[in-house]
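K.L.:
Sequence and predicted structure, then a few things I'm wondering about:
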Amino acid sequence: MLTRIAAWDRGEAGSGYGSDATYEDEMDERYENMGFTRDELDDLLCQGVKPWDDDAWDVLAALHDF
């Protein structure tokens, strides 16, 4: 149990954010990209979908269902 706690403190647990900086970095990234991460934005752009399109979230969900 102590090993699990130590791993979580170092951000190795894999079930969330290891530090506040990581969480804040993702929030900054999403703020800059209309709510999407850079990877999600790349997925959308490869499909010809702009992040401001009304169906952008639906397209992303469909892509991630595969």
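P.N.:
Nice, I can see it. Every value quoted in this text rests on a predicted model; they were computed, and no experiment measured them. Residues are numbered from 1 along each chain as shown.
K.L.:
contacts, neighbours, all on C-alpha from now
P.N.:
Fine.
K.L.:
ok, the residue nearest the centre of the chain - contacts?
P.N.:
Using Cα atoms, centre = their mean, the residue of the chain that lies closest to the mean C-alpha position is residue 37, 5.0 Å off. With contact set as Cα atoms under 8 Å, 6 or more residues apart in numbering, residue 37 has these partners: 26, 29, 30.
K.L.:
taking the mean pLDDT, what do you get for the helix or strand the last one falls within?
P.N.:
Which is residue 30. Using DSSP states H and E, residue 30 maps to helix 20-32. Helix 20-32 comes out with an average pLDDT of 90.
K.L.:
CA atoms only for that helix, dumped as CSV, please.
P.N.:
Coordinates of each C-alpha in helix 20-32 appear next as CSV, following Å, rounded to 0.1, in the frame of the first residue of the first chain:
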residue,chain,number,x,y,z
ASP,A,20,-1.1,20.4,-10.4
ALA,A,21,1.3,21.6,-13.1
THR,A,22,0.2,18.8,-15.4
TYR,A,23,-3.5,19.6,-14.8
GLU,A,24,-2.9,23.3,-15.3
ASP,A,25,-0.9,22.7,-18.5
GLU,A,26,-3.8,20.7,-20.0
MET,A,27,-6.3,23.3,-19.0
ASP,A,28,-4.2,26.0,-20.6
GLU,A,29,-3.9,23.8,-23.7
ARG,A,30,-7.7,23.3,-23.9
TYR,A,31,-8.2,27.0,-23.3
GLU,A,32,-6.0,27.8,-26.3
